[in-house]
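Visitor: Kindly generate the corresponding structure for this input.
(2 chains)
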Amino acid sequence: KQEVTQIPAALSVPEGENLVLNCSFTDSAIYNLQWFRQDPGKGLTSLLLIQSSQREQTSGRLNASLDKSSGRSTLYIAASQPGDSATYLCAVAPRDSNYQLIWGAGTKLIIKP
Amino acid sequence: DAGVTQSPTHLIKTRGQQVTLRCSPKSGHDTVSWYQQALGQGPQFIFQYYEEEERQRGNFPDRFSGHQFPNYSSELNVNALLLGDSALYLCASSLGLAGRLYEQYFGPGTRLTVT
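Guide: All right, here's what the predicted structure looks like:
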């Protein structure tokens, strides 16, 4: 059974710092992995999607990497801003149950001005 | 493109009542998935609809049922509401080609409170 873990559960850093959020999964048989952002009480915004054949994806100040063999993904945020404060969730689409996403519980990120 | 829309935004119900939540997918998408997100947790998959049929179901009781209409919009019905059903209910749309899960786009969610 696929399980997704995100560490840390919460993170508070000063504005301007570069930071890394971690996501680990137990089964490497996945179709893709997505990183999402969720603002308080709101829905989910997709940030980056990495197909299983890819190693990384970039969008602006965000870079996500995928290492299937070790069951890890990282989301790198460069030059953090207060507007980056949100909960970041990762989700995998497993090959054996490929109609659903399996989610981590998220990392709550606070960027202090 | 309006993206994925959900209604209502918020809902308060009493234990034992029934509720219907609605979702319209992103233009061009034919697959709708429903998720339940309890406070402080990641979303949990409820079920997915494709071609007006339930294609896969997560670990949710039969009190949770759904429907997909010919225009691809979908409803989630929950009967005999329990306090534990209080959550944010998220709808996601995608393309269901070749049985694979492509990128999902999420709506803003419906916040259900059961008292």
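Visitor: give me the low-pLDDT residue ranges for the chain?
Guide: By default, I'm working from chain A. Residues of chain A meeting the criterion pLDDT under 70: A:98.
Visitor: was after chain B, sorry
Guide: Using pLDDT under 70, chain B drops low at B:1, B:97-102.
Visitor: all strands of it, in order?
Guide: Remark: strands assigned in chain B by DSSP state E are B:5-7, B:10-13, B:19-24, B:31-37, B:44-50, B:53-57, B:64-68, B:74-78, B:87-94, B:105-106, B:110-114.
Visitor: Return the distance of the fifth one from the chain's centre.
Guide: Put plainly, it is strand B:44-50. The chain centre lies 7 Å from the centre of strand B:44-50; the measure is CA atoms, centre = their mean, to the nearest Å.
Visitor: before we move on, what about the shortest one?
Guide: Here strand B:105-106 is found 11 Å from its chain centre; the criterion is CA atoms, centre = their mean.
Visitor: Pull up the pairing partners for it, direction included.
Guide: Here strand B:105-106 is paired, per DSSP bridges, with strand B:87-94 (antiparallel).
Visitor: So which residue is dead centre in chain B?
Guide: Closest residue to the average C-alpha location of chain B: B:Trp34 at 2.9 Å, with CA atoms, centre = their mean.
Visitor: Run a quick neighbour tally on the spatially closest residue to that one that is not a sequence neighbour.
Guide: Distance criterion CB to CB, 6 or more residues apart in numbering or on different chains; nearest residue to B:Trp34, sequence neighbours excluded, is B:Ile46 at 4.3 Å. C-beta here means a position set from N, CA and C on the backbone, and glycine is covered the same way. Residues near B:Ile46, counting by other CB atoms under 10 Å in any protein chain shown, number 23.
Visitor: interface residues of chain B facing chain A?
Guide: Selection of chain B residues close to chain A by CB under 8 Å from any CB of the partner chain yields B:6, B:33, B:35, B:40-45, B:48, B:55-56, B:58, B:88, B:90, B:92, B:99-101, B:103-109, B:111.
Visitor: Which PyMOL command selects the buried ones in these?
Guide: Burial among the residues of chain B next to chain A is assessed by 16 or more other CB atoms under 10 Å in any protein chain shown; the matching PyMOL selection reads:
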select buried, chain B and resi 6+33+35+42+43+44+45+48+55+56+58+88+90+92+101+104+105+106+107+108+109+111
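Visitor: ok and the residue in chain B nearest chain A?
Guide: Using CB to the nearest CB, the single residue of chain B nearest to chain A is B:Gly42, 3.2 Å away.
Visitor: Specify the beta-bridge partners of the spatially closest residue to B:Ser73 that is not a sequence neighbour.
Guide: Closest residue to B:Ser73 apart from its sequence neighbours, by CB to CB, 6+ apart: B:Ser24 at 4.7 Å. Note on B:Ser24: beta-bridge partners by DSSP bridges are B:Thr5.
Visitor: Quick check, B:Ser24 in contact with B:Phe69.
Guide: No. Using CB atoms under 8 Å, B:Ser24 is not in contact with B:Phe69, being 9.7 Å away.
Visitor: more neighbours, these two?
Guide: A direct count of neighbours by other CB under 10 Å for B:Ser24 and B:Phe69 places B:Ser24 higher, at 21 against 13.
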